[in-house]
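Asks: any chance you could fold what I've pasted below:
(one chain, ligands or ions: 1)
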Amino acid sequence: MEILRSREAVRRWTAAHHAAGRTVALVPTMGFLHRAHTDLMRAAADHADVVIASIFVNPTQFGPDEDFDRYPRDESGDLEKAKAAGCAAAFLPSVAEMYPPNPSTRVTVATLSTHLCGASRPVFFDGICTIVAKLFHIVGCDVAVFGEKDFQQLAIIRRMVRDLDFPVRIVGHPLVREPDGLTMSSRNAYLSPAQRRDALTLSKALAEADARFRAGERDADTLRALLRGRLEAVGSIAVDYAELVDAETLQPVLGAIDRPTLAAVAVDLGGTRLIDNTVLGRDRPG
Ligand code: PAF
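Replies: Sure, this is the predicted structure:
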């Protein structure tokens with residue numbers, strides 16, 4: 001696996017593959033890789049001839065009080081995992097390589113970014129869109145693969161690609177769970193054993209809402225209240241949102257559920273932000 005640290009080296013790498021007639025898939029990550037990431041890398045190989053992973057903890061998507069400094073990092077472990085997952089290259093730029101001093105351009109996807117995670121994290125999606133747009137320009141990939149754990153991120157990136165005509169095909173990959181139902185996340189590393197047990201409330205609440213939906217419940221407010229109630233019953237959990245939204249537009253579903261609907265939750269558990277989601281009737285959470 002080639003280890004690339006400069007934009008120029010990545011451009012040359014992609015140009016060489018394109019010149020040889022090979023397509024390139026990008027898996028953007030912030031590192032501290034786990035199976036959800038390596039699954040994306042393996043899935044990416046189904047969509048292109050060669051796969052490159054980017055590993056970059058992107059400062060612009062963290063708010064001033066968020067965990068940028070303590071976000072877990074493990075470069076050598078990440079390189080081993082990316083290689084074992086079949087990546088042909090890894091791009092590990094520094095912050096100075098990715099951002100010029102005092103950049104004045106940001107990418108905003110207006111309509112999808114202001115609610116759910118965007119409501120409590122005002123800079124989050126602008127930071128993500130900006131770095132993903134830059135990665136697409138630098139790497140020149142044909143395909144990019146993102147996990148559905150970050151369902152809103154995926155929807156926003158699809159919209160950005162559509163609106164700004166990026167010649168990149170976006171592939172979404174199903175959320176990956178631990179055997180007990182917890183969604184895989186680099187931030188799970190912050191959890192104590194007791195917090196980790198409490199964290200299972202998220203997938204259990206979603207599984208219960210999903211089971212009620214499958215049993216015929218179609219009232220969005222009833223399922224929304226169920227989710228919130230299960231989360232609020234756990235003392236260590238502070239609910240950011242427990243929502244039912246249209247799986248396409250991400251707008252709240254009110255009243256009867258009559259279209260593909262995402263149940264999505266976000267909480268603070270002892271200072272750690274956790275999110276989880278499920279498309280009702282489609283996946284089986286937990
Ligand atoms: O999902 C992530 O890990 C990040 O938001 C991404 C897409 C790599 C951008 O920094």
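Asks: what's the burial count for Asp67?
Replies: Here the number of neighbours of Asp67 (other Cβ atoms under 10 Å) works out to 15. All C-beta atoms are positioned from the backbone trio N, CA, C, and that covers glycine.
Asks: remind me which helix or strand it belongs to.
Replies: If you go by DSSP states H and E, Asp67 is not part of any helix or strand.
Asks: what does the chain put close to the ligand?
Replies: With Cβ under 6 Å from any ligand atom as the criterion, the chain meets the ligand at residues Pro28, Thr29, Met30, Asn58, Gln61, Ile128, Ile131, Val132, Asp150, Gln153.
Asks: got a quick PyMOL command for the buried subset of these?
Replies: Remark: buried members of the residues of the chain next to the ligand, expressed as a PyMOL selection using 16 or more other Cβ atoms under 10 Å:
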select buried, resi 28+29+30+58+61+128+131+132+150+153
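Asks: and the residues of the chain next to the ligand as CSV, adding pLDDT and secondary structure?
Replies: Converted to CSV, these look like this (pLDDT from 0 to 100; DSSP: H, G, I helix; E, B strand; the rest coil):
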residue, pLDDT, secondary structure
Pro28, 98, strand
Thr29, 98, strand
Met30, 98, coil
Asn58, 98, coil
Gln61, 97, helix
Ile128, 98, helix
Ile131, 98, helix
Val132, 98, helix
Asp150, 97, helix
Gln153, 98, helix
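Asks: Validate this expectation: Leu112 resides in a strand.
Replies: No - using DSSP: H, G, I helix; E, B strand; the rest coil, the secondary structure at Leu112 is coil, not a strand.
Asks: show the contacting residues for it.
Replies: Shown in contact with Leu112 (Cβ atoms under 8 Å, 6 or more residues apart in numbering): Gly118, Phe125, Gln152, Ala155, Ile156, Arg159, Thr249, Leu250.
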